[in-house]
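[1] just to be clear, the model below is a prediction. Sequence and coordinates:
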Amino acid sequence: MLSLVVLISGGGSNLAALIAEAEHASYPARIVAVGADRDADGLLFAEQHEIPSFTVPLSSFETREEWGRELLRQIEQWRPDLVILSGFMRLLPAEVVRALAPRLLNTHPAYLPEFPGAHAVRDAMQAGVAQTGASVIIVDEGVDTGPILAQERIPVLPGDGEDELHERIKVVERRLLADVIRRIADGTIRLEEYAR
């Protein structure tokens, strides 16, 4: 059974989906804690499911490095097998990434390496592409440049707005993430192959 710490910044819809997945007796992972970089609405999902949570606001620290060290301390006390960035909208300091990699995973609402960064859905729509996608990656020190563990194409439909497209992408992101975690648990994906 894998133990997960999930980090969020916002509403936590992907967290809620992962909590629901993890509640199935056959699912090979459990969320042991949820962390946030602010007073995120998604922390309510952790509270409702009696999952411990912690908040480490960047504004409470003089530097990103100090913030990162405290965030890492909070994460490591749970001894997670995996740390999942689930709508966590802060770039982690390099020392945090190095400490957690390759056990640090993120979802991204594009078919990487297309449209990296914080505005992937908007960027895809502005580019006028016929399809975009969803990806699950191992986080490295770049911006959405880590090894890709799973991805899937998603069509951009006529009449799509940014919100509608993003909601369809999130459904695929959730499924891909749940499957990647399952494949890590059963040894189909061997993270040690990605260790530096």
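    Perfect, I can see it now. Keep in mind it's a predicted model, so treat the numbers as computed, not measured.
[2] could I get the phi/psi values of the residue nearest the centre of the chain?
    For the chain, the residue nearest the mean C-alpha position is residue 85 (2.7 Å; Cα atoms, centre = their mean). Torsion angles at residue 85 (phi, psi; degrees, to the nearest 10) stand at phi -90, psi 110.
[3] repeat that for residue 183.
    Dihedral angles for residue 183 - degrees, to the nearest 10 - are phi -70, psi -30.
[4] quick one: it and residue 191 touch, right?
    No: Residue 183 is beyond contact range of residue 191, at 10.3 Å (criterion: Cβ atoms under 8 Å). C-beta coordinates here come from the backbone N, C-alpha and C atoms, glycine included.
[5] surely residue 54 is in a strand?
    Yes: Residue 54: assigned to a strand according to DSSP: H, G, I helix; E, B strand; the rest coil.
[6] next one: it from residue 70, what distance?
    10 Å (Cβ to Cβ, to the nearest Å).
[7] the more surrounded of those two?
    Set residue 54 next to residue 70 and count neighbours by other Cβ atoms under 10 Å: residue 54 wins out with 19 against 15.
[8] let me see the contact set for the more buried one.
    Going by Cβ atoms under 8 Å, 6 or more residues apart in numbering, residue 54 touches 33, 34, 35, 36, 74.
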